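Asker: Pasting a predicted model and its sequence here:
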Amino acid sequence: MTGRLILRTLSELCLTAGALTVLLVVHLLLWTGVRADRAMDHEVAALQDTWATAPPAATRAAATPAPAYRDGRPFAIMYIPRLGADWHKPVLEGTATGTLRRGLGHYAGTARLGATGNFAVAGHRRTYGDPFKDLPRLRPGDEVLLTDGVTWYTYVIDKPAYLTLPDDTGVIEPLPAPLDRSATPYSAPGRYLTLTTCDPEWGHSHRLIVWGHLDATRPVGEGMPTALPG
């Protein structure tokens, strides 16, 4: 009887542990994604409301300097047509854990949007909305478009995703300088874009890096870039 009781107890414990594991996976896959999607939609809507009530873009661009990026606050929206017609995410200042739960995070200290240097952005590969889940799909020639409510910035991807280690901080330097110097497509200063996320999808032992260069800008008053539907 004692052996059967122990076996039954162990079986019940295993079933309980299995149920808890399933609940945890559901939480990671679904609930954090739902909450993150809501948070990102809120940040996008807040930006669009701010832009809609601001002075005309042409007046702002000519008369006032660009405001400083505020830690944890959104300042731009990113669109990547390759990742879907509906793919768009807010870009916030900083890469703190709480910030990346509400959108993409701009590495503090890297270049401003459209400026000379390296505009570097991080995003979750999995959980919290999976914003960069499909980053490996990007190919040379793909466009990444951003707007700050005044200007549209079009960056063009220069090479497929590059795999490196988390401590390879040279990838976000003004002139990208990865540990493997042969990996960078750049040899002179310019206006660059760096996108970073974790690899593998459910781990963080490595980082995926995608680089691009600024190809064009246009005032928002001229309408959306042709690469964006609608």
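Answerer: Structure received.
Asker: Distance check, residue 149 against residue 114.
Answerer: Residue 149 sits 13 Å away from residue 114 when distances are taken as C-beta to C-beta, to the nearest Å. In short, each C-beta sits where N, CA and C put it, glycine included.
Asker: Stretch 92-112: which residues count as buried?
Answerer: 92-95, 99-107, 110-111 (16 or more other C-beta atoms under 10 Å).
Asker: ok, residues contacting it?
Answerer: 32, 35-36, 39-40, 42-43, 66, 69-75, 78, 89-91, 117-124, 128, 131-132, 172, 174, 191-192, 194 (C-beta atoms under 8 Å, 6 or more residues apart in numbering).
Asker: which stretches of this protein have low pLDDT?
Answerer: For the chain, the stretches with pLDDT under 70 are 1-31, 56-65, 230.
Asker: show me where it has strands.
Answerer: Listed from the start of the chain, the chain has strands (DSSP state E) covering 74-79, 88-93, 104-106, 117-122, 143-147, 151-157, 162-164, 191-199, 206-219.
Asker: Residue 183: which of those is closest?
Answerer: Shortest distance between residue 183 and the strands of the chain, using C-beta to C-beta, is found for strand 162-164: 5.1 Å.
Asker: mind listing what the closest one pairs with, with the direction of each?
Answerer: According to DSSP bridges, the neighbouring strands of strand 162-164, each with its direction, are strand 206-219 (antiparallel).
Asker: mind listing what's buried in the strand it pairs with?
Answerer: 207, 208, 209, 210, 211, 212, 214.
Asker: between those residues, which is nearest residue 142?
Answerer: Comparing every one of the buried residues of strand 206-219 with residue 142 (C-beta to C-beta), the shortest separation belongs to residue 212, at 8.1 Å.
Asker: quick one: the closest one from residue 54, how far?
Answerer: Taking C-beta to C-beta as the measure, residue 212 falls 28 Å from residue 54.
Asker: Can I get the strands of the chain in JSON lines including distance to residue 181?
Answerer: Formatted as JSON lines, the entries for the strands of the chain read as follows, by distance: least, C-beta to C-beta, whole Å:
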{"stretch": "strand 74-79", "distance to residue 181": "28"}
{"stretch": "strand 88-93", "distance to residue 181": "28"}
{"stretch": "strand 104-106", "distance to residue 181": "25"}
{"stretch": "strand 117-122", "distance to residue 181": "16"}
{"stretch": "strand 143-147", "distance to residue 181": "24"}
{"stretch": "strand 151-157", "distance to residue 181": "20"}
{"stretch": "strand 162-164", "distance to residue 181": "12"}
{"stretch": "strand 191-199", "distance to residue 181": "15"}
{"stretch": "strand 206-219", "distance to residue 181": "13"}
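Asker: All good on my end, thank you.
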